[in-house]
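# sequence and predicted structure are below.
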Amino acid sequence: MARALFLALLVLAAGLPFLQAGLHPVTQALLPAGLGVLTLVALAAGVFPGASPLLRPRWPFLLGILLLLASAWRSVYLELTLQALLLFAAYLLAGILASQLCAPAARRAALAGTLAAGGLLAAGAALLAYLQAPPGSLYGAALWGSFPTSNVLAGYLLLGAFCAAGLAGAARGRTGQWSWGLGALLLAAALVGTRSRGGILAAGVGLLGWGIGAARLLPGRGRRMAALAAAVAIGTAVAVALWEGPASLARWAHLPWALTSDTGEPSFRWRQLVYTWSAAMIRDHPILGTGPGTFPLVLGRYQQVPYVTGRYAHNAWLELAAEMGIPFTLLLLAGFVLSIRRGLQFLRAAAPDERPLVLGILSALLASAAHALLDFDWSLPAIALPICLLLGTLWAAPGEGSGTAQAAAARGPAPRILQGAIAVVAAVAFLLGVTRSFALSLQQEGRAALTQGAVEEAERAFRAARRLNPAWYAPRYWLGEVALRRGRREEAVAEMVAGARLNPAAESAFHLGRSLWAAGRLTEAEAALRRAVALGPATRLEFYAVLGDFLGGTGQPAEALDWYRRAVEIFPPPLVRSVEARCLAPGDRYLLGQILGRMAVLARRDGRLPEAEAAARESAALQLPATEGICSAFLAPGQGSPEATLLTYWTARARGESVPPRLFASGITDWHRPFGASVPVRVTRILALAASETAAEVRYELEVGGPGRPPARFPAADRLVVQGGAWVLTGPAPLPGG
């Protein structure tokens, strides 16, 4: 049974990188459920009858749990907090299982080999995507793969590289030594290919730890291994210079300057902003934080610059302190340091042949900890789970994994109490994980049905999702949207009010304000829309647009104009045209164009003609179709963006030519009515764009002329997706109001 459980752990560790690095909501729900099942089976099979050494000393561990629960109790964002607690429970259970299952040396080697092999597979997938990426695109600039950023891929490769190096040093035969050594070199090369300065610097920290540990703790061949580590460091520096070319020295020479407060380098400037806002969160909530998992929502209250994504702090310890308070973070840091100390004791006590592997694990942990100071590695299950497994192995000292040691540890009431507590945590993780995964599936079914116009079917799915996960905001939001579509406005308000209680964030306040406006409850609607702007002053341009529209539509044009002006100040035209805006909110340039158009009307009414004319010119310029790739993904010419594909389509129609089939998705034919002959037709402006890197919905205005009559303008809307390296049309999209 122990072997089967251990194999299941290896499968989880190896599979997560290829499931969106564990970020998919279903994966995050099923991971605690899976580890809960494994723990319950281990308890039932008697795999660890004794108390895990990972839980000693007991009072700091219990204090940490109490602080965590107190922070969770204080949190007002229940759904995110439950998700964070479930993941925390999953990582804890994984570490406990590893501390019991990895006592045999062969299993430690198998875990290290799995992580090294997983790193090679991830690097191979990233290389394949890199070779297939269009020249000049974001994915063609560095190795990326299935991870959200190239920096995070670098964090995963760090673990594999040092594990492979440890296996190479511990292998007894020449074949094993050369095979794992080659694997370590390939992983190091892939690390260079990510172009992650933080990852490469973290590798230097790991190599330093490896070299010092080898020289002091590996008699005989320690000096040779330390010299090899130095050679690898030099080789990495040379590889970086060759990979990046002449600009390499400048890119690295700017590092000290980039760390100063007035840096213009986007990567460091972005981190400085997020770190500053995170520190403000910690200052306001020093003891218990804002609640586990709440960082992305609470940060919106502190964010002062648009298009600075705040899902993670890009510093594990800052994020932990912001969410769960300084005391809990210090306890967790002490636990990590204690684990490293335990690993050093393990290293001294291990057999000579196994010491290189233990040193490799320690070096991997040190390198990962260094990288976690600059990126969000530890926030991803694909990296956090292997980290916990490696930490667990350090507590599985020789002789403590089976037999007499376990039997001795099992005596007395304390181990039985701990086993009962572990069983309760595992059972809760399993039940909540399963119900949440079913709720997610039902919500996805509901959204698909809603897209196809099956409103009743969508409503049934959303209601079922709400029953399975009553603490979740999303089903209540979608039920509110369904109620609005069906004209049940008071029901929509009730759902949005309940959702705002569960998730008192800017977005929920915004949607509540919209539903109250539709229901005619104007005073409450105005308060909710103002609250949305107050909770996220620099997060979404739409908040300002709807608040201004509301004030203008309720007889407050002067205040509406003030809010429009504030929107233009926070989201100026150059900013909404930037690469960051094109990636994170590609529709904002057109929304700002609409806002400026309304500003022009209001300013003209007030007699402010220069302001009106300037706003009108900027509005017209912003609503012209953009052809830049979304998230810098440059695809086929003429189809590199949703707008570019629309321009190509209507250009062909204006010439009376047959539309090229390459403009349509497979199985899709043209749905626009044919013209009798070649007539002047053009896309005059984009009214709205909702898009990601792979799917888009565009509302736009067409100008169609005809013989002997002036051109007429009318709105149109289409859906597009990326298929075969190009944006292609998939069908019509509904226009507002039908």
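Noted; the coordinates are in hand.
# quick check: longest helix in the chain by residues?
helix 413-451 (DSSP state H).
# state the mean pLDDT of that one.
If you average the pLDDT over helix 413-451, you get 86.
# give me the pLDDT value at Ala164.
At Ala164, pLDDT is 91.
# Ser641 touches Trp727, doesn't it?
Yes - with contact defined as CB atoms under 8 Å, Ser641 reaches Trp727; the gap is 6.3 Å. The way it works is simple: take the backbone N, C-alpha and C, and place the C-beta from them, glycine included.
# mind listing the shared neighbours of these two?
Leu635 (CB atoms under 8 Å, 6 or more residues apart in numbering).
# and those two? Which one has more around it.
Shown here are Ser641 and Trp727; by other CB atoms under 10 Å, Trp727 has more neighbours (30 against 26).
# quickly list what the more buried one is bridged to.
Val722 (DSSP bridges).
# low-scoring stretches of the stretch 251-400 of the chain, by residue?
251-266, 397-400 (pLDDT under 70).
# so which residues of it form helices?
For the stretch 251-400 of the chain, the helices defined by DSSP state H, counting those that start in this stretch occupy 255-258, 266-284, 295-302, 316-324, 326-349, 355-371, 381-394.
# on that earlier part again, just the buried positions in the longest helix of the chain, please.
Neighbour-count burial for helix 413-451, counted by 16 or more other CB atoms under 10 Å, picks out 415, 418-419, 422, 425-426, 429-430, 432-443, 445-447, 449-450.
# and what of stretch 504-519?
Neighbour-count burial for stretch 504-519 [16+ other CB under 10 Å]: 505-519.
# which other residues reach that stretch?
76-77, 297, 300, 473, 477, 480, 484, 489-490, 492-493, 495-497, 499-500, 502, 522, 524-529, 531-533, 535-536, 539-540, 542-543, 546-547, 550.
# any quick ChimeraX command for the buried ones out of those?
Of the contacts of stretch 504-519, the buried ones can be selected in ChimeraX as follows, counting by 16+ other CB under 10 Å:
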select :76,77,297,300,473,477,480,484,489,492,493,495,496,497,499,500,502,524,525,526,528,529,531,532,533,535,536,539,540,542,543,546,547,550
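# so Arg713: helix, strand or coil?
strand (DSSP: H, G, I helix; E, B strand; the rest coil).
# which residues does the closest residue to it other than its chain neighbours form beta bridges with?
With sequence-adjacent residues excluded and distances taken as CB to CB, 6 or more residues apart in numbering, Arg713 is closest to Glu703, at 5.1 Å. Using DSSP bridges, the beta-bridge partners of Glu703 come out as Arg682, Arg713.
# which of the helices of the stretch 251-400 of the chain sits closest to Leu153?
helix 381-394 (9.8 Å; CB to CB).
# one step back: could you dump the helices of the stretch 251-400 of the chain to a markdown table with distance to Ala626?
Output for the helices of the stretch 251-400 of the chain, formatted as a markdown table (distance: least, CB to CB, whole Å):
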| stretch | distance to Ala626 |
| --- | --- |
| helix 255-258 | 30 |
| helix 266-284 | 20 |
| helix 295-302 | 26 |
| helix 316-324 | 34 |
| helix 326-349 | 43 |
| helix 355-371 | 36 |
| helix 381-394 | 34 |
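# who wins for proximity to Pro557 among those?
helix 295-302 (28.6 Å).
# can you pull the contacts of Arg488?
Counting by CB under 8 Å, 6+ apart, Arg488 has no contacts.
# start at 2, not 1
In the new count, where the first residue is 2, that last one comes out as Arg489.
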